[in-house]
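Student: I would like to see how this sequence folds:
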Amino acid sequence: MKVFFDNCTSPPLAATLNGFLEHLGHSAAHIRHLPCGAGASDAEWIAMLAADHLRWIVVTGDGRIRKNPAERAAYRAAGLCGFVLAPSYQKTPLHQQASFLLWRWPEIERLANLIAGPALFELPMTRTGKMTQLPL
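Tutor: Predicted coordinates for the structure are as follows:
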């Protein structure tokens, strides 16, 4: 399993999760460190993940992906499972963002493994808050 972080997230957040996931045989990468690069549009990185044929989990800070018809259609066609960080993540210090993401990781992984098709969930900035499925 691979985890993708888009431009609306911090590269150190991806690196932190990658450090944790490596011992499990998984990886996490920020868009900056992938072939598509930081300048890629949402449609471009979605196409790149779809072409890879591996199981990807998307982590984004931008919930607008579900509102743009072209991006929404591409995301659904790619069959991606993703998590939108709640807006409060943007106002939270990076070390606390990483802490919450690691705390919630077992639940994120379990949910992603249960979902066979495209899905998008909002990840709250709490240790126990319910993840809400967003309409696609």
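
Student: low-confidence ranges in this protein?
Tutor: Applying pLDDT under 70 to the chain flags no residue at all.

Student: doesn't C8 make contact with T60?
Tutor: Yes. T60 sits in contact with C8 when judged by Cβ atoms under 8 Å, with a separation of 5.4 Å. (Glycine included, C-beta is placed from N, CA and C.)

Student: show me where this structure has strands.
Tutor: With DSSP state E as the criterion, the chain has strands at 2-5, 27-30, 56-60, 81-85, 119-123, 132-133.

Student: closest one to L102 among the ones you listed?
Tutor: Nearest to L102 among the strands of the chain is strand 27-30; the distance by Cβ to Cβ comes to 11.1 Å.

Student: Distance of the residue nearest the centre of the chain relative to Y75?
Tutor: Per Cα atoms, centre = their mean, the C-alpha nearest to the average position across the chain is that of V59, at 1.4 Å. Here V59 is placed at a distance of 14 Å from Y75 (Cβ to Cβ, to the nearest Å).
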